[in-house]
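> Fold the following and give me the result.
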Amino acid sequence: ILKKTGKQLSDSIIIIDEAHNAPARIRDALSISLDTFTLRKAQAEAKFLDQHNLAKFIREIEQKVDILGDKMQKEEQPLFYDSVPEMDLQLSTDLYDFGLEFLEKSEKHVSFLMKVSKFYTAWNQESQAFLRYIKRWKAGAGYSVIRQCLDPSIFTTDLFDNVHSAILMSGTLKPQFMYRDLLG
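Purely as a prediction, here's the structure:
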């Protein structure tokens, strides 16, 4: 938006109402998950596009997630970066493009191939502000691999450093030092 209007971030004043909700909302926005349901739907989309090798690769990811989940002793368990099968940037880009093709050909409004691509784009980014873990669904019918943001300041620090001013309003913005640290 700023580029289109010719305005600079340094000329902007950011106003956040209900700022006590900002850390949780930013964490949620920066977090991403991939579940076995999404992987099954992505396989179906790849088959719809006659991309059977891609469907096979996505099936292998699903099997790996199932193996990780079946080994769990608890409902949730931390994961290492390399626990999930790797996907290079080009394949992730191809998934996105196939997702677009699926949307055009099927006239659907959502593509699970694009969701898998988005997940891998985020998963491959290294940052200590995130926790990677696997979680069993309550019904026991599958698993979710999650990259959960723990530190929203990774996004907000640069933003607040570059704006002219920021006004955070809330009737419950205490303790103030905690929100300062959480939001950078």
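> For the most centrally placed residue in the chain, which non-adjacent residue is closest in space?
Residue closest to the average C-alpha location in the chain (CA atoms, centre = their mean): I32, at 2.4 Å. Using CB to CB, 6 or more residues apart in numbering and skipping the chain neighbours, the partner closest in space to I32 is A122 (4.6 Å). (Each C-beta comes from the backbone N, C-alpha and C, glycine too.)
> Show the model's pLDDT score for the one you found.
With respect to pLDDT, A122 scores 86.
> Ramachandran coordinates for it?
phi -70, psi -40 (degrees, to the nearest 10).
> what's the burial count for it?
Residue neighbour count, defined by other CB atoms under 10 Å, stands at 17 for A122.
> now the helices for the protein?
Ranges of helices within the chain are 2-5, 22-30, 36-48, 52-70, 89-106, 112-123, 153-162, 176-183, based on DSSP state H.
> Can you say which of these is nearest to A129?
Among those, helix 153-162 comes nearest to A129, with 4.4 Å by CB to CB.
> Could you list the residues in contact with that closest one?
9-10, 14, 22, 26, 30, 127, 129, 166, 181-184 (CB atoms under 8 Å, 6 or more residues apart in numbering).
> Could you tell me the angle between it and helix 176-183?
Here the directions of helix 153-162 and helix 176-183 differ by 100 degrees (axes from the mean of the first three to the mean of the last three CA atoms, to 10 degrees).
> The residue nearest to I32 and L34 touch, don't they?
No: counting by CB atoms under 8 Å, A122 does not reach L34; the two are 9.6 Å apart.
> returning to what we had before: distance-wise, check the residue nearest to the centre of the chain relative to N21.
20 Å (CB to CB, to the nearest Å).
> Where does the prediction get shaky in the protein?
1-3, 140 (pLDDT under 70).
> try 80 this time
1-6, 81-82, 84-89, 124, 126, 138-141, 173-174, 176-177, 179-181, 184 (pLDDT under 80).
> quick one: contacts of stretch 82-89?
Contacts for stretch 82-89 (CB under 8 Å, 6+ apart): 34, 60-61, 64-65, 68, 95, 120, 123-124, 132, 134, 145.
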